[in-house]
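J.: Please work out how this folds:
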Amino acid sequence: MEGFWTRFRLDPRQADNARMRASDADREVVRTVLTDAFADGRLTREEHDERVGTLLEARTLGELPALVDDLVVVSPVPAETEANLPDALSLREQGAAAYRKELQEALATFLMVSLITWGIWLFTTAPDGHPWPLYPMLFLVVNLVGTGVRREAIVEREVHRLEKKAAKKAAKKASQDEIEAAPETAAPILDPPGQSEKDRPADPS
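T.: Residues are numbered from 1 along each chain as shown. Alright, predicted model coming up:
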């Protein structure tokens with residue numbers, strides 16, 4: 001039942017993924033297996049309810065395999081597949097880089113708009129005109145501060161995006177490897193319609 005583990009965002013059997021937060025979709029994968037096991041008599045009502053309760057309280061991917069270890073095969077993921085997935089630290093670093101980029105863009109937008117609006121104000125309505133550039137500046141300050149305080153949310157969003165991308169890439173490569181490993185079967189050569197044995201050209205030799 002190896003295909004069971006491909007339904008997760010990240011394979012929960014991998015040590016690097018064990019500490020990652022489980023999503024509702026990840027928990028639903030396990031809940032479906034538990035429900036099927038109860039329906040066909042492999043789990044009692046008490047066992048089913050106990051495991052579902054534990055599942056609802058699970059916070060990380062590493063807590064999920066133990067709930068189905070006697071219902072599906074919990075074998076280590078192949079080393080080749082592990083190599084195709086980036087580790088959690090690498091994803092966090094990329095998420096932090098995405099945050100820094102977003103913060104720099106917010107700061108650059110604030111400075112550029114401030115410079116342009118104050119320049120317009122200076123050459124048109126200064127010094128007696130109303131300092132209207134304060135309004136767009138206020139909006140941009142709120143955006144800049146909001147970006148700064150949302151650091152963890154931005155990092156997690158980028159990590160989640162990279163996880164999905166890496167998992168999809170690894171699954172695609174595994175599928176291609178299976179196709180390449182399958183033995184090729186040569187198709188038989190068929191006679192053209194209406195051509196019998198005697199209609200074939202004679203061998204010149």
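J.: So for this protein, the centremost residue is which one?
T.: The central residue of the chain, meaning the one whose C-alpha is nearest the mean C-alpha position (Cα atoms, centre = their mean), is residue 164 at 1.2 Å.
J.: name the element that residue belongs to?
T.: The secondary structure element spanning residue 164 is helix 151-181 (assigned by DSSP states H and E).
J.: same for that helix, what does it pack against?
T.: Using 3 or more Cβ pairs under 8 Å, 6 or more residues apart in numbering; DSSP states H and E as the contact test, the elements touching helix 151-181 are helix 79-84, helix 88-124. In short, each C-beta sits where N, CA and C put it, glycine included.
J.: Just the buried residues of it, please?
T.: 154, 155, 158, 159, 160, 162, 163, 166, 167, 170, 174 (16 or more other Cβ atoms under 10 Å).
J.: isn't the residue nearest to the centre of the chain right next to residue 8, touching?
T.: No: distance between residue 164 and residue 8: 10.9 Å, which falls outside the contact criterion (Cβ atoms under 8 Å).
J.: What are the phi and psi values at residue 60?
T.: Taking degrees, to the nearest 10, you get phi -120, psi 160 for the backbone angles of residue 60.
J.: Compute the distance between it and residue 18, please.
T.: Residue 60 sits at a distance of 6 Å from residue 18 (criterion: Cβ to Cβ, to the nearest Å).
J.: Comparing the two, which residue is more hemmed in?
T.: residue 18 (17 against 14; other Cβ atoms under 10 Å).
J.: what sits against the spatially closest residue to that one that is not a sequence neighbour?
T.: Of all residues beyond its chain neighbours, the one nearest residue 18 is residue 62 (3.0 Å), with distances taken as Cβ to Cβ, 6 or more residues apart in numbering. Residue 62 makes contact with 12, 17, 18, 19, according to Cβ atoms under 8 Å, 6 or more residues apart in numbering.
J.: Out of those, grab the one that's most surrounded.
T.: Note: the member of the contacts of residue 62 with the most neighbours is residue 12, at 25 neighbours, neighbours being other Cβ under 10 Å.
J.: is it true that that residue lies in a helix?
T.: No: counting by DSSP: H, G, I helix; E, B strand; the rest coil, residue 12 is not part of a helix but coil.
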